[in-house]
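Q: requesting a structural model of the entry that follows:
(chains A and B)
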Amino acid sequence: DTEVTQTPKHLVMGMTNKKSLKCEQHMGHRAMYWYKQKAKKPPELMFVYSYEKLSINESVPSRFSPECPNSSLLNLHLHALQPEDSALYLCASSQELGRLAVKETQYFGPGTRLLVL
Amino acid sequence: AQKITQTQPGMFVQEKEAVTLDCTYDTSDQSYGLFWYKQPSSGEMIFLIYQGSYDEQNATEGRYSLNFQKARKSANLVISASQLGDSAMYFCAMSYRGNYGGSQGNLIFGKGTKLSVKP
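A: From the prediction side, this is the model:
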């Protein structure tokens, strides 16, 4: 069983809606990630939080707004999305090993399947 | 620049047989990690196995083993005694220290190999 949970599992929204994706991890990890995955493609990194601070933003459009309320929670706020934003959104977490970063294993949640109409 | 290549878009294997999924990588870094993830149709990315660039022995985890050949820059996944539940997409990934100032290991993924296990 995964220790990274994501809600909702499925989301359908219109282009004018505002919605949020939620992620929670129970492993005491201090780094959390959002990925976007289109069908039949590998995941693409969107954001990284380290110790609740945004450390990486991969030039993601401002209609995606991440938030890390505490070390175990990660949100992704969605506003005015486009149909091409329809994808699987994956959350992941890792220990945050500092200089041993290349040894870090990222553990993923089950994902949220988003459809923008 | 880092790159992961998986040349097999799809593979078939008979149940109970072994299968090898290919992965080659390119990096100028001395320190890096190599990972394999399994993604069933449900969507979750499941961590399978890890190999560090300085690890001298090949990693093993149950039915999974990683055939690490550093000079050839390959990190093939071997699944022994395939089961129907092994049918999924498999991604090879590499971690590296990014240039962002952060200390997290960044991951880049290959395009994946879709494995189908036949009864």
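Q: C-terminal to the helix or strand of chain B at the bottom of the mean pLDDT ranking, what's the next element?
A: Ranking every helix and strand in chain B by mean pLDDT, DSSP states H and E puts strand B:105-109 at the bottom, with a mean of 82. Next helix or strand after strand B:105-109 toward the C-terminus (DSSP states H and E): strand B:113-118.
Q: show me what the helix or strand residue B:95 falls within is packed up against.
A: Counting by DSSP H and E, the element that carries residue B:95 is strand B:88-97. Strand B:88-97 sits against strand B:3-5, strand B:33-39, strand B:74-79, strand B:105-109, strand B:113-118, with contacts defined as 3 or more CB pairs under 8 Å, 6 or more residues apart in numbering or on different chains; DSSP states H and E. (Each C-beta comes from the backbone N, C-alpha and C, glycine too.)
Q: from the contact counts, what lies against the fourth one?
A: Put plainly, it is strand B:105-109. Packing partners of strand B:105-109 (3+ CB pairs under 8 Å, 6+ apart): strand A:44-50, strand B:3-5, strand B:33-39, strand B:88-97.
Q: now these as TSV including distance to residue A:94?
A: As requested, the helices and strands packed on strand B:105-109 are exported to TSV (distance: least, CB to CB, whole Å):
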stretch	distance to residue A:94
strand A:44-50	9
strand B:3-5	18
strand B:33-39	11
strand B:88-97	9
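Q: identify the bridge partners of residue B:66.
A: residue B:77 (DSSP bridges).
Q: surely it touches residue B:79?
A: No: counting by CB atoms under 8 Å, residue B:66 sits too far from residue B:79 to count as a contact (10.7 Å).
Q: where does chain B dip in pLDDT?
A: Applying pLDDT under 70 to chain B flags residues B:97-105.
Q: quick one on the thing from earlier: export the helices and strands packed on strand B:88-97 to JSON lines and tack on mean neighbour count?
A: Putting the helices and strands packed on strand B:88-97 into JSON lines (neighbours: other CB atoms under 10 Å in any protein chain shown) gives the following:
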{"stretch": "strand B:3-5", "mean neighbour count": "16"}
{"stretch": "strand B:33-39", "mean neighbour count": "24"}
{"stretch": "strand B:74-79", "mean neighbour count": "22"}
{"stretch": "strand B:105-109", "mean neighbour count": "23"}
{"stretch": "strand B:113-118", "mean neighbour count": "17"}
